[in-house]
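Trainee: Whatever this is, show me its structure:
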Amino acid sequence: DAAMGRSIVAILFALLPAVCGAQERNFRLSSELAAVEGWILGVTVPSLEVTLSNEVAGEVEAIAKDIGMRFNEGDVLLRFDCTLLELQQEKSEAIHSLKKEQFRVLKRLFELESVGAEDIAIAKSELKSAEVDLEVAQYSVQKCTILAPINGVVAEIMVAPFEYTQPRTPLIRIFSTDAIDVSMSVPLQNLSDFSPGAAVDVLFNPDQGPLLGAIHAVAPEINSVSQLVDVLIRISAPPAELKHGAAVGVKVK
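Mentor: Numbering: from 1, shown residues only. Have a look, this model is predicted:
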């Protein structure tokens, strides 16, 4: 027991410099930010985060974008092997063409009084059913290709090539690049300076000067312990080097 106690003490002393060093670095960072009068610390967060999933089962054929790569709305992000669904679509097209021709012939015969109204009604119903089946098959094939719904950047890829996935499987997580938000907490007594729409300066890189932002939203509740209110700042068209999770300074103009 005594030997074990001495070992634990030795381990704690070995870890102490690393722990103290981490605390010291955090303290220096906080001191540097706090020393700039009028600036409040904030952290960048995605203005829009989307996790895309599949609507059809299938094998992942290709992943078009890697983590950190940017893309535009409409770009291909991921593709599934659609061989079976494409064959089903061809079958639906063939059946639809057949029912369409049958309806055309029966309609002509009805005009010649060679068939009754009941035959026309049945043919019309079968044609409608074939049209719906074809639309479903076309929709399924379209969903084999995952297109970007926004301008963004890939944050996380959750599947691998050749992996078979079921519907509603999370595939890829993306962030919008059209804007980026800054999350911050404001003392209650200073809240009157932070009205929605007000312009603010966001300091990210002191060498480049502040970025222009605007107050996007103010939380409707106050933290009962800290008496702080959460505020969201939005920066439109942010520079590519501004990443999520960065510490920034915010100042009302």
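Trainee: What residues sit buried inside stretch 64-84?
Mentor: By 16 or more other Cβ atoms under 10 Å, the buried positions in stretch 64-84 come out as Ala64, Lys65, Phe71, Leu77, Leu78, Arg79, Phe80, Cys82. The way it works is simple: take the backbone N, C-alpha and C, and place the C-beta from them, glycine included.
Trainee: And for stretch 119-135?
Mentor: For stretch 119-135, the neighbour count (16+ other Cβ under 10 Å) marks Ile120, Ala123, Glu126, Leu127, Ala130, Asp133, Leu134 as buried.
Trainee: The second one contacts Phe103, correct?
Mentor: Yes: A contact is recorded between Ala123 and Phe103 when judged using Cβ atoms under 8 Å, the distance being 4.5 Å.
Trainee: Tell me which residue is most central in this protein.
Mentor: Val50 (1.6 Å; Cα atoms, centre = their mean).
Trainee: Would you mind listing the residues in contact with that one?
Mentor: By Cβ atoms under 8 Å, 6 or more residues apart in numbering, Val50 lies in contact with Pro149, Ile150, Gly152, Arg173, Ile174, Ser176.
Trainee: Can I get the residues you listed in CSV including pLDDT and secondary structure?
Mentor: Formatted as CSV, these follow (pLDDT from 0 to 100; DSSP: H, G, I helix; E, B strand; the rest coil):
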residue, pLDDT, secondary structure
Pro149, 97, coil
Ile150, 97, coil
Gly152, 97, strand
Arg173, 97, strand
Ile174, 98, strand
Ser176, 97, strand
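Trainee: Got a ChimeraX select line for the buried ones in those residues?
Mentor: Of the contacts of Val50, the buried ones go into a single ChimeraX selection, burial set by 16+ other Cβ under 10 Å:
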select :152,173,174,176
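Trainee: the strands in the chain, which residues?
Mentor: Secondary structure of the chain (DSSP state E): strands at 40-46, 49-53, 58-63, 70-71, 76-80, 145-147, 152-157, 164-165, 170-176, 179-187, 199-203, 211-218, 228-236, 247-252.
Trainee: closest to Gln88 out of these?
Mentor: Closest approach to Gln88 among the strands of the chain (Cβ to Cβ): strand 58-63, 12.3 Å.
Trainee: Only the buried residues of the closest one, if you could.
Mentor: For strand 58-63, by 16+ other Cβ under 10 Å, it's Gly58, Val60, Ile63.
Trainee: From His244, how far off is the residue nearest to the first one when sequence neighbours are not counted?
Mentor: Distance criterion Cβ to Cβ, 6 or more residues apart in numbering; nearest residue to Gly58, sequence neighbours excluded, is Phe80 at 3.8 Å. Relative to His244, Phe80 is positioned 29 Å away (Cβ to Cβ, to the nearest Å).
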